[in-house]
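Enquirer: need coordinates for the following:
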Amino acid sequence: MNKKGILAIVSICVLAIAAIILAVLLHSTSTDLEQTQAELAITNIALQETETAKANLEKKLTETQSTLEKTRLDLSQTQEILQNASEAARKIAAERSTLQKDKRALEREKENLRAKLTEIESELQRIREQSQRSIAAIQERFKDTVGAVLDEAGRLTLDVKGKILFETGSAILSTEGKELLDAISEEVLLNAAYSDYAIRIEGHTDNTPIGGDALRNWNLSTERAIAAVKYLQEHADVSAERLAATGYAFYQPIDTAETPEAKAKNRRIEIILVPPQDFLAELLTSLQNVMTSIETKVAQ
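Expert: Numbering: from 1, shown residues only. Predicted structure coming up:
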């Protein structure tokens, strides 16, 4: 065999081997490609799943952020509520403390007022007892000549019929009137128990105009009161500082009937002994009202 034949055979062998190798390589490459494609498909699926998971995570993140923001807002509102509640609690505690102090102060004031009321009531009772003794003595000594009345404030009023002291239409004391004023001074006005009492002399007439002129009733009632005051000061040794005279004409009747008997009652002189505690009755009423108010507040 010549060289050309050998080379041809070698060439064919080489081509055959190359074809086999190429076939093996192609088969291997095909297999790798298929595997790669399978892996790529798997990767694509995983990628899609990842994208979906990412989208879900982003959605959850958005929801979480919204929830977190709402939670923060709720927390802020809760903190504000707690702060307000704390401030309100402090105010309530301060108010309660103030109320407790006010209550204790009211209790002390109530005790002070109760003691004052007891003192006033005791003084009024003393005045009443003394006046009742004086009234009994007046009624015993002067019988129907002088009436005596004690009011709630401790004022003792001696009602002297005008006819006994003065002649009709006159402001000049009669002899009998002077003797009666002397006796009243001795029995009551100069009594040590009444030494610090003020003495008011009040003149009163009936409603019949004197000489047809009602103004003359004013004059007569006032002049009679002044005449009694002057006599008590100058002849009965009653201190001038204790005395006062007032005329009321017919404007303070004790009997409004249009009868001779009623008119006779209204023609009178009133001698009023006013204790230095003349305000006691008003004060007593005022204090009782305050006590009621305090007790109401304490109960609240």
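Enquirer: need the helices for the stretch 101-250 of the chain, in chain order.
Expert: Secondary structure of the stretch 101-250 of the chain (DSSP state H, counting those that start in this stretch): helices at 162-165, 175-184, 214-234.
Enquirer: so which of those is nearest residue 93?
Expert: helix 214-234 (66.4 Å; C-beta to C-beta). Glycine gets a C-beta too; all of them are placed from N, C-alpha and C.
Enquirer: so which elements touch that closest one?
Expert: The contact analysis (3 or more C-beta pairs under 8 Å, 6 or more residues apart in numbering; DSSP states H and E) places helix 214-234 against helix 162-165, helix 175-184, strand 198-204, strand 243-247, strand 268-274.
Enquirer: closest one to residue 59 among the ones you listed?
Expert: Residue 59 lies closest to strand 268-274 among those, at 98.8 Å (C-beta to C-beta).
Enquirer: from residue 227, how far out is residue 234?
Expert: 11 Å (C-beta to C-beta, to the nearest Å).
Enquirer: looking at those two, which has the bigger crowd around it?
Expert: residue 227 (22 against 10; other C-beta atoms under 10 Å).
Enquirer: was I right about that one contacting residue 170?
Expert: No. Residue 227 lies out of contact with residue 170 (C-beta atoms under 8 Å); the separation is 9.3 Å.
Enquirer: export the helices of the stretch 101-250 of the chain to TSV and append columns for distance to residue 206 and mean pLDDT.
Expert: Shown next, in TSV, are the helices of the stretch 101-250 of the chain (distance: least, C-beta to C-beta, whole Å; pLDDT from 0 to 100):
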stretch	distance to residue 206	mean pLDDT
helix 162-165	9	85
helix 175-184	18	92
helix 214-234	8	94
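Enquirer: now the ones you listed in JSON lines, with distance to residue 194?
Expert: As requested, the helices of the stretch 101-250 of the chain are arranged in JSON lines below (distance: least, C-beta to C-beta, whole Å):
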{"stretch": "helix 162-165", "distance to residue 194": "21"}
{"stretch": "helix 175-184", "distance to residue 194": "11"}
{"stretch": "helix 214-234", "distance to residue 194": "13"}
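Enquirer: I'd like to know how many residues surround the spatially closest residue to residue 226 that is not a sequence neighbour.
Expert: Ranked by C-beta to C-beta, 6 or more residues apart in numbering and with sequence neighbours excluded, the top spatial neighbour of residue 226 is residue 245, at 4.6 Å. By other C-beta under 10 Å, 20 other residues sit near residue 245.
Enquirer: relative to residue 230, how far out is residue 245?
Expert: In terms of C-beta to C-beta, residue 245 sits 9 Å off from residue 230.
Enquirer: one more: residue 196?
Expert: Using C-beta to C-beta, one gets 22 Å for the distance from residue 196 to residue 230.
Enquirer: okay, those two: which has more neighbours?
Expert: Each of residue 196 and residue 230 has its neighbours counted (other C-beta under 10 Å); residue 230 has more, 15 against 10.
Enquirer: in contact with that one, which residues?
Expert: If you count contacts by C-beta atoms under 8 Å, 6 or more residues apart in numbering, residue 230 has none.
Enquirer: try it again with 10 Å
Expert: Residues near residue 230 by C-beta atoms under 10 Å, 6 or more residues apart in numbering: 173, 201, 240, 243, 245.
Enquirer: do you know how far it is from residue 242?
Expert: Distance, residue 230 to residue 242, by C-beta to C-beta: 14 Å.
Enquirer: one more: residue 160?
Expert: Distance from residue 160 to residue 242, counting by C-beta to C-beta: 18 Å.
Enquirer: next: residue 157.
Expert: 16 Å.
Enquirer: and residue 56, by the same measure?
Expert: 110 Å.
Enquirer: compare these two (neighbour count), which wins?
Expert: Using other C-beta under 10 Å as the criterion, residue 56 and residue 242 rank with residue 242 on top: 19 against 10.
Enquirer: so where do the strands sit in the stretch 51-200 of the chain?
Expert: Here the stretch 51-200 of the chain has its strands, by DSSP state E, counting those that start in this stretch, at 146-150, 156-161, 198-204.
Enquirer: partner strands of the second one, with direction?
Expert: Here strand 156-161 has these sheet partners by DSSP bridges: strand 146-150 (antiparallel), strand 268-274 (antiparallel).
Enquirer: figure out how far stretch 96-105 is from the centre of its chain.
Expert: Relative to its chain's centre, stretch 96-105 lies at 14 Å (C-alpha atoms, centre = their mean, to the nearest Å).
Enquirer: buried ones in that stretch?
Expert: Across stretch 96-105, burial judged by 16 or more other C-beta atoms under 10 Å covers no residue at all.
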